[in-house]
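Undergrad: sequence-free structure coming up:
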């Protein structure tokens, strides 16, 4: 595959995902980016607890403020525009990062290996699924790819800048960079003591100062986001409030799900002594980087599949080293295509789409004077970034036990312990014009909804099976005014 052909294909595939991917993945795609951007741009919106505790940087949400403002100035800030423009921007950033990475690895791999990498990168179902999503993990991957490409092309200043921004935004990316920094120090030990290095340090310091200033302005006080982030996620381990997995979960569950058949050549590179024939120091650095990243994250209780996003291209790179000489590559290619095409369709088009369909539906008619109540697990839907109306949008909250209260139970858990009692104890819920629930809750509260003059106006497919509190369908209820009898 030629360079231009790959770039065109990459551009088409990543931009196609903006339209094709119509499903929900994780709350952070909206609540840690677009919801904040919307509030910055339009003056209204909901901020989760993280944006008061100083564990998130405003850098990424600020990126979307300019396009939001431009759309508003041109009176083009429609619901559809606010949904898709940020995704187009993110998709283009991913294309830029992946394209630079391909140019960088040409200094390391031969032509057949590069071609296999291109195929693995373009075909991976998870990359298709996330590269246009406005997730911090996607940006982290973009910065990792850019940084490594600059490292391989000996662009020293740009490499160090990517390392700095990446670690500032996502301190958990530090394990990726440790092998590269050690290799960099070894290779550039003379340059480090030169005036050019001091110039780069000064330039990076200016950028860091600007970032610190922006975050401090946002929080209204001096704040070091990376420190606060590590205190919450590693030192206090409050992140376990949102679930935890065994230490081996990334190896036994996440990697097989993300890589599928690509694990076969990947295991060879990591385990077979003969693989040393394929490897030079730069490849070993990438190998150590990916392994160290997984190992470090394995010792943190709270694990999510998206946390491995930054290293998927690195794993594709390592797998591509073996594939040109892989004996069963035709069989591998067939399995690769079936696995990824199936998952691209299922995850992008079908699985967990109802909450987005329901939100778009509500945004098409809700008015500023209306109240919408989401009786669902917390952060089950986007909010103002997709509705784009300054209405009262209320949902069940679930902040962690930040103040170490005894017997702490968040609002969402209290509701699900006894939904009917919760509604009876809070009669103000019936002031909502619209109520949104999963069908798993229907049998429990339907009679109460009917007695308060609510009826279903929207019924949306969400998933093929129930997942605890998350059901197969999303139901939207509307409250009708009671008709007075004619005397």
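TA: Yep, that arrived. These figures come from a predicted structure and were not determined experimentally.
Undergrad: Give me the below-cutoff pLDDT ranges for the stretch 1-150 of the chain.
TA: For the stretch 1-150 of the chain, residues meeting the criterion pLDDT under 70 lie at 1.
Undergrad: can you rerun that using 80?
TA: Low-confidence regions of the stretch 1-150 of the chain, defined by pLDDT under 80, span residues 1-3.
Undergrad: As a check, name the ranges of all helices in the stretch 301-450 of the chain.
TA: Applying DSSP state H, counting those that start in this stretch to the stretch 301-450 of the chain gives helices spanning 312-322, 329-345, 354-363, 384-387, 411-417, 419-425, 442-451.
Undergrad: Which residues does the fourth one contact?
TA: The one in question is helix 384-387. Helix 384-387 has contacts (C-beta atoms under 8 Å, 6 or more residues apart in numbering) with 30, 34-35, 37-39, 42, 44-46, 79, 82-83, 356, 359-360, 362-363, 366, 372, 390, 393. The C-beta positions use only the backbone N, C-alpha and C, and glycine is treated the same way.
Undergrad: Try it again at 10 Å.
TA: Residues external to helix 384-387 that are found in contact with it (C-beta atoms under 10 Å, 6 or more residues apart in numbering): 29-31, 33-39, 41-42, 44-46, 64, 68, 79-80, 82-83, 86, 134, 355-356, 359-360, 362-364, 366, 372, 381, 390-391, 393.
Undergrad: Drop anything exposed from those.
TA: For those, a neighbour count by 16 or more other C-beta atoms under 10 Å gives the buried set as 29-31, 33-39, 41-42, 45-46, 64, 68, 79, 82-83, 86, 134, 355-356, 359-360, 362-363, 366, 372, 381, 391, 393.
Undergrad: about what we covered before: so which of the helices of the stretch 301-450 of the chain is nearest residue 139?
TA: Closest to residue 139 of these is helix 312-322 (C-beta to C-beta; 13.8 Å).
Undergrad: pretty sure residue 477 is touching residue 430, no?
TA: No. In this structure, residue 477 is not within contact of residue 430 by C-beta atoms under 10 Å, at 11.2 Å.
Undergrad: how far away is residue 302 from residue 233?
TA: Taking C-beta to C-beta, to the nearest Å as the measure, residue 302 falls 7 Å from residue 233.
Undergrad: hmm, back to that, inside strands: which ones of the buried ones among the contacts of helix 384-387?
TA: Filtering the buried ones among the contacts of helix 384-387 for membership in strands, criterion DSSP state E, returns 372, 393.
Undergrad: Find the residue at the geometric middle of this protein.
TA: residue 135 (2.9 Å; C-alpha atoms, centre = their mean).
Undergrad: That residue against residue 26, yeah?
TA: Yes. Between residue 135 and residue 26 there is a contact at 7.3 Å, judged by C-beta under 10 Å.
Undergrad: And residue 106, how far from residue 368?
TA: Residue 106 is 55 Å from residue 368, where distance means C-beta to C-beta.
Undergrad: who's more crowded, those two?
TA: The neighbour count for residue 106 versus residue 368, taken as other C-beta atoms under 10 Å, is higher for residue 106 (16 against 9).
Undergrad: how far away is the more buried one from residue 112?
TA: Taking C-beta to C-beta, one finds residue 106 at 12 Å from residue 112.
Undergrad: again with residue 18
TA: When distance is defined by C-beta to C-beta, residue 18 is 31 Å away from residue 112.
Undergrad: out of those two, which sits in the busier spot?
TA: The neighbour comparison of residue 18 against residue 112 (other C-beta under 10 Å) goes to residue 18, with 20 against 12.
Undergrad: And the helix or strand that contains that one, what does it pack against?
TA: Element membership for residue 18, per DSSP states H and E: helix 3-20. The contact analysis (3 or more C-beta pairs under 10 Å, 6 or more residues apart in numbering; DSSP states H and E) places helix 3-20 against helix 79-105, helix 111-123, helix 125-130, helix 329-345.
Undergrad: so which of those helices gets nearest residue 188?
TA: When the helices and strands packed on helix 3-20 are ranked by distance to residue 188, counting by C-beta to C-beta, first place goes to helix 79-105 at 16.5 Å.
Undergrad: Would you indicate which residues of the closest one are buried?
TA: For helix 79-105, a neighbour-count test (16+ other C-beta under 10 Å) marks 79, 81-83, 85-87, 89-91, 93-102, 104-105 as buried.
Undergrad: can you check stretch 12-32 too?
TA: 13-15, 17-18, 20-21, 23-32.
Undergrad: likewise stretch 464-475?
TA: Within stretch 464-475, the residues that count as buried by 16+ other C-beta under 10 Å are 470, 471, 473, 474, 475.
Undergrad: how much space is there between the second one and residue 311?
TA: In other words, residue 471. Computed as C-beta to C-beta, the residue 471 to residue 311 distance reads 34 Å.
Undergrad: What of the fourth one?
TA: Distance from residue 474 to residue 311, counting by C-beta to C-beta: 34 Å.
Undergrad: likewise the last one?
TA: When C-beta to C-beta is applied, the distance between residue 475 and residue 311 equals 39 Å.
Undergrad: Show me the domain layout of the chain.
TA: Residue ranges for each domain of the chain read 3-350, 354-479, as given by automatic domain parsing.
Undergrad: Who are the packing partners of the helix or strand hosting residue 290?
TA: Per DSSP H and E: residue 290 is located in helix 281-298. On a contact count with 3+ C-beta pairs under 10 Å, 6+ apart, helix 281-298 meets helix 79-105, helix 136-152, helix 174-187, helix 263-271, helix 312-322.
Undergrad: Kindly state which of these is positioned closest to residue 245.
TA: Checking those against residue 245 by C-beta to C-beta gives helix 136-152 as the closest, at 16.8 Å.
Undergrad: relative orientation of the closest one and helix 111-123 in degrees?
TA: Between helix 136-152 and helix 111-123, the angle comes out at 170 degrees (axes from the mean of the first three to the mean of the last three C-alpha atoms, to 10 degrees).
Undergrad: pLDDT on whatever helix or strand comes next after helix 136-152, on average?
TA: Per DSSP H and E, the first helix or strand lying C-terminal to helix 136-152 is helix 156-169. Averaging pLDDT along helix 156-169 gives 96.
Undergrad: tell me which residues in helix 156-169 are buried?
TA: Neighbour-count burial for helix 156-169, with 16+ other C-beta under 10 Å as criterion, is recorded at 156, 158-169.
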